[in-house]
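*Asks:* got a predicted model here, sequence first, then my questions.
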Amino acid sequence: MKLKKFCLVAFIAFAANFSLAQEGIPTYSDYLTDNYYLIHPSMAGVANCAKVRLTARQQWFGVDDAPSLQTLSVNSRIGDSPVAIGGVVFNDSNGYHSTVGGYATFAYHLMFSRNEVDLNMLSFGLSAGFLQYKLDETDFLAPGEYDQLIAGIEQSATNFNIDFGFSYHFLDFYAHFTAKNILKNEGINFNDQGFEFENLRTYLLSTGYTFNRLGSDWSFEPSIMYMYRDATEESSIDINAKVYRDMDFGKLWGGLSYRRSLDGAEYLDGGGVRSQKLQYITPFIGIDYNNFVFAYTYSYQSNTVNFNTGGFHQLTLGFNFNCRKEHYDCKCPAVN
């Protein structure tokens, strides 16, 4: 009986959070580890090298079936043309629910400057992808138990959606805008229970600037990102600071990110009602060694009420190939 009640609670929680699970690749802070293409399709092929990035993210070590995410992305300019392509595959699992999918990206980079020394570029990107959602109910019921709401099998459904965005680079300044899940989403029916989450649109706006003193090996890059979910009218903001140090073998870099939700949630505390807003503190560190990239990210949820005091751990491995000469006279790490 206890197991049955647990399963029903889990199923209700799944239904309540399914709209967020359908969004595709979750938006964490991994874009700060030289991986802007994960959230902005217009960043495909913007760099002077083709890029491969592999990430693995694990939450709450020691907790069974804790959330985890793996992504593999590649993007490249096609020769010396303004056209670029890219692709992402990912696996996002959380307990009995998981999402796997893949995106293909087409990008176009339009130069406004007379030559490539002075960076002045507008980029457009379009990603289209399929996502498969799974709900594993095989362990929901004990042997011999029956519940009409639980099928006791692994169920799945597939959807298609599109992301579109643009990026603008001017010398050491950059700005990105992306609209994710533009198409109307079809409802998913598990156990003859229809869950209609038609509007999964999420808007991302990023901007930043890289400061460097002439002749110095150090660079400083402050940036912000704003995220808005259309259906729930939720929003959050990232405030980031990143530092680079040029080395003979490549580059050392690291930084700190602070994410805060602009919408609060109420909870009971003794005899009163309090509210809190979701907030994460994320330090990260990385190294560019020749054509290889290694990075580690840790996110800590600094809220009074949370499921577990453990944080998010993420490793990023990367490789750059087909590199061209650094054309632009700027401290613009995502491009040069």
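*Replies:* Thanks, I have the structure now.

*Asks:* against residue 29, how distant is residue 235?
*Replies:* Counting by C-beta to C-beta, to the nearest Å, the separation of residue 235 from residue 29 is 17 Å. Backbone N, C-alpha and C define where each C-beta goes, glycine included.

*Asks:* more neighbours: which of the two?
*Replies:* Neighbours per residue (other C-beta atoms under 10 Å) separate residue 235 from residue 29, with residue 29 holding more: 25 against 13.

*Asks:* show me the contacts for that one.
*Replies:* 238, 240, 257, 259, 280, 282, 284, 297, 299 (C-beta atoms under 8 Å, 6 or more residues apart in numbering).

*Asks:* surely the second one is within a strand?
*Replies:* Yes. Read with DSSP: H, G, I helix; E, B strand; the rest coil, residue 240 is one of the residues of a strand.

*Asks:* what's the spacing between it and residue 36?
*Replies:* Residue 240 is 12 Å from residue 36, by C-beta to C-beta.

*Asks:* thinking again about what came up before, how about TSV for the contacts of residue 29, with neighbour count and pLDDT added?
*Replies:* Output for the contacts of residue 29, formatted as TSV (neighbours: other C-beta atoms under 10 Å; pLDDT from 0 to 100):
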residue	neighbour count	pLDDT
238	22	97
240	21	98
257	23	97
259	21	94
280	20	89
282	22	95
284	22	97
297	24	95
299	20	90
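
*Asks:* just these: which are in strands?
*Replies:* Among the contacts of residue 29, the residues falling in strands (DSSP state E) are 238, 240, 257, 259, 280, 282, 284, 297, 299.

*Asks:* residue 127: which of those is nearest?
*Replies:* Residue 127 has its nearest neighbour among those in residue 238, at 20.9 Å by C-beta to C-beta.

*Asks:* and the spatially closest residue to the closest one that is not a sequence neighbour, how far is that from residue 181?
*Replies:* Nearest residue to residue 238, sequence neighbours excluded (C-beta to C-beta, 6 or more residues apart in numbering): residue 225, at 4.1 Å. According to C-beta to C-beta, residue 225 stands 17 Å off from residue 181.

*Asks:* and for the residue lying closest to residue 316 once chain neighbours are set aside, the neighbour number?
*Replies:* Spatial nearest neighbour of residue 316, excluding adjacent residues (C-beta to C-beta, 6+ apart): residue 295 at 4.0 Å. By the criterion of other C-beta under 10 Å, residue 295 has 23 neighbours.

*Asks:* what of the one 3 residues further on?
*Replies:* For residue 298, the tally of surrounding residues (other C-beta under 10 Å) stands at 14.

*Asks:* do residue 233 as well
*Replies:* By other C-beta under 10 Å, the residues close to residue 233 number 8.

*Asks:* which residues sit against stretch 222-232?
*Replies:* By C-beta under 8 Å, 6+ apart, stretch 222-232 touches 19, 27, 31, 197, 199-209, 211, 234-242.

*Asks:* for that stretch, buried residues please.
*Replies:* For stretch 222-232, a neighbour-count test (16 or more other C-beta atoms under 10 Å) marks 223, 225, 227, 228, 229 as buried.

*Asks:* swap in stretch 107-124?
*Replies:* 107, 108, 109, 119, 121, 123.

*Asks:* the strand or helix carrying the third one: how far from the chain's middle?
*Replies:* Taking DSSP states H and E as the criterion, residue 109 maps to strand 97-111. Taking the mean of its C-alpha atoms, strand 97-111 sits 12 Å from the chain's own mean (C-alpha atoms, centre = their mean, to the nearest Å).
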